[in-house]
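Novice: this is a predicted model, with the sequence first.
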Amino acid sequence: MTQLVRLAGVKFEGRQEVINRLSIHDHIYMERDYFNPHDRNAIGVFNEYDESIGWIPRETAAKLSPLIDSGQEFEVRLNRILGGGFGLFFGVEIAITKVDRKQQERVHQEIIDILNNQTEEQSKQAMEQFNKSMRETHERHILEGNVDDLLVIINNHWLSLESIQSFIEYSFQMGRFEDCFKALQTLERLATVYHNQDILNYCKENIEVYLSYGYDQPLPIPNQKNYPQSIERSDETYPDLDRIREADVHDKVDEFLKEIMADMESYDAEIRAEASFLLGELYFLSGKVQEALELYMLAIRDNPNKALYWGYTAQVMNRNQVDALICSRVIRHAIDLDPANPRWHFLQAILLLRISQAEEIDQLIETFIYEITTARDLCREDQAGLKEAIMSLIIE
């Protein structure tokens with residue numbers, strides 16, 4: 001169950017300046033303050049740079065602190081950033097969710113129980129489910145950089161540095177370059193702990209490549225898997241851009257621009273995102289590509305759950321010869337959010353082909369084939385133009 005809480009103390013000790021720099025999708029955490037002279041239940045909330053953004057209100061802290069002290073874990077995220085306009089102070093609303101770390105253990109135990117009471121075929125299926133569950137748990141720890149958890153797993157011989165290296169190679173082959181970068185950072189820390197110089201050198205060499213393409217600059221993280229996505233029409237347009245066409249047809253562009261600028265000041269992140277995206281498209285149509293990309297990224301920051309924003313950003317970057325390794329990082333988010341859209345798979349196929357040809361990397365060809373055939377198979381009958389472009393790339 002998730003509880004929404006408005007932070008206390010946001011006006012004091014320079015927190016307004018810190019909150020002003022926050023994005024709604026920034027990482028935050030809360031921490032008990034056992035030595036607080038004013039409240040023995042005090043719980044502070046901090047951004048990813050360990051800067052204070054406020055306190056859990058006294059009444060809520062009185063309920064949470066005994067749970068935290070007993071070992072209960074909680075996840076916190078920013079829900080809303082309030083105020084900040086017309087001379088108002090900023091406020092912060094966060095969402096607090098209880099974490100059930102024992103759920104995975106219960107699932108594993110259930111599977112073991114099934115293994116002991118089923119037929120051979122049923123036991124085989126249960127074991128496959130168990131292995132999949134374990135693999136997903138390991139991969140999550142690797143990508144999230146949970147080194148302490150991984151050390152336990154490695155010391156129990158359930159995982160090795162070499163298997164993490166294999167995961168990195170597999171992620172690269174699948175075109176999941178951001179996963180590669182995250183896993184390399186985790187493996188580097190583990191290799192340092194175990195004094196494995198060969199793997200440490202491998203990590204440093206490859207991390208350096210990703211750093212040269214800006215992978216150390218974090219992108220917003222989507223947080224709603226089932227967010228409603230836009231559907232491309234047969235003429236390759238999207239309903240989200242109809243307001244631009246209507247304004248142009250009725251000669252109301254100036255009025256439309258005023259509406260957009262007003263929407264960009266909205267307290268609603270989705271409204272701000274849509275306005276930034278529309279303004280970015282206007283800049284793109286007028287040939288101002290860099291300004292368009294900045295506004296597309298602003299839309300992603302305010303609403304990272306919309307595949308269209310990621311897809312358009314990657315598409316414009318690719319058209320303007322931005323390096324394919326950078327473009328692919330962006331389009332991957334569009335694919336993960338909206339895997340049924342053939343255009344995003346088509347663009348990923350183009351990018352993988354660019355990388356493969358430029359760097360002479362043959363192991364990407366298999367994933368290129370997968371992405372291009374997936375794009376072809378996902379095309380609707382009325383998407384003739386897109387399908388023709390896909391088939392042209394296949395024939396080449």
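Specialist: Perfect, thanks for sending it.

Novice: could you use CA atoms for every contact and neighbour count after this?
Specialist: Will do.

Novice: pretty sure Q3 contacts N79?
Specialist: No. Using Cα atoms under 8 Å, Q3 is not in contact with N79; the gap is 10.4 Å.

Novice: of those two, who's got more company?
Specialist: It is N79, of Q3 and N79, that has more neighbours when counted by other Cα atoms under 10 Å, with 16 against 11.

Novice: three-state assignment of the closest residue in space to S65 that isn't next to it in sequence?
Specialist: Excluding its sequence neighbours, the residue lying closest to S65 (Cα to Cα, 6 or more residues apart in numbering) is N41, at 5.5 Å. Three-state assignment for N41 (DSSP: H, G, I helix; E, B strand; the rest coil): coil.

Novice: tell me the contacts of N41?
Specialist: For N41, the contact set (Cα atoms under 8 Å, 6 or more residues apart in numbering) comprises R32, D33, Y34, R58, A61, A62, S65.

Novice: between Q3 and N79, which contacts overlap?
Specialist: With Cα under 8 Å, 6+ apart, Q3 and N79 have common neighbours A95.

Novice: would you put the C-alpha positions of stretch 79-92 in PDB?
Specialist: The C-alpha coordinates for stretch 79-92 follow below in PDB (Å, rounded to 0.1, in the frame of the first residue of the first chain):
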ATOM      1  CA  ASN A  79       4.900  12.400  -6.300                       C
ATOM      2  CA  ARG A  80       4.500  16.100  -6.800                       C
ATOM      3  CA  ILE A  81       6.500  19.300  -6.500                       C
ATOM      4  CA  LEU A  82       4.000  22.000  -5.400                       C
ATOM      5  CA  GLY A  83       4.100  25.800  -5.600                       C
ATOM      6  CA  GLY A  84       7.100  27.700  -6.700                       C
ATOM      7  CA  GLY A  85       5.300  30.200  -8.900                       C
ATOM      8  CA  PHE A  86       4.000  33.700  -8.200                       C
ATOM      9  CA  GLY A  87       6.200  34.000  -5.100                       C
ATOM     10  CA  LEU A  88       4.900  30.900  -3.500                       C
ATOM     11  CA  PHE A  89       7.200  28.500  -1.500                       C
ATOM     12  CA  PHE A  90       7.900  25.100  -3.000                       C
ATOM     13  CA  GLY A  91       6.200  22.100  -1.400                       C
ATOM     14  CA  VAL A  92       7.000  18.400  -1.800                       C
END
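
Novice: check the gap between V322 and G287 for me.
Specialist: Using Cα to Cα, to the nearest Å, V322 is found at 16 Å from G287.

Novice: what of N305?
Specialist: Counting by Cα to Cα, the separation of N305 from G287 is 27 Å.

Novice: all helices of the stretch 101-250 of the chain, in order?
Specialist: Using DSSP state H, counting those that start in this stretch, the helices of the stretch 101-250 of the chain run over 103-115, 120-144, 147-155, 161-173, 177-193, 197-212, 242-249.

Novice: okay if I get the ones you listed as TSV plus distance to G71 and mean pLDDT?
Specialist: Compiled in TSV, these are given as follows (distance: least, Cα to Cα, whole Å; pLDDT from 0 to 100):
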stretch	distance to G71	mean pLDDT
helix 103-115	15	62
helix 120-144	20	73
helix 147-155	16	84
helix 161-173	30	91
helix 177-193	25	93
helix 197-212	34	94
helix 242-249	52	84
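
Novice: I28 is nearest to which of the ones you listed?
Specialist: Of all these, helix 120-144 sits nearest to I28, with 14.6 Å by Cα to Cα.

Novice: for stretch 24-36, what is the average pLDDT?
Specialist: The predicted model assigns stretch 24-36 a mean pLDDT of 85.

Novice: ok, now stretch 266-280?
Specialist: On average, stretch 266-280 scores 92.
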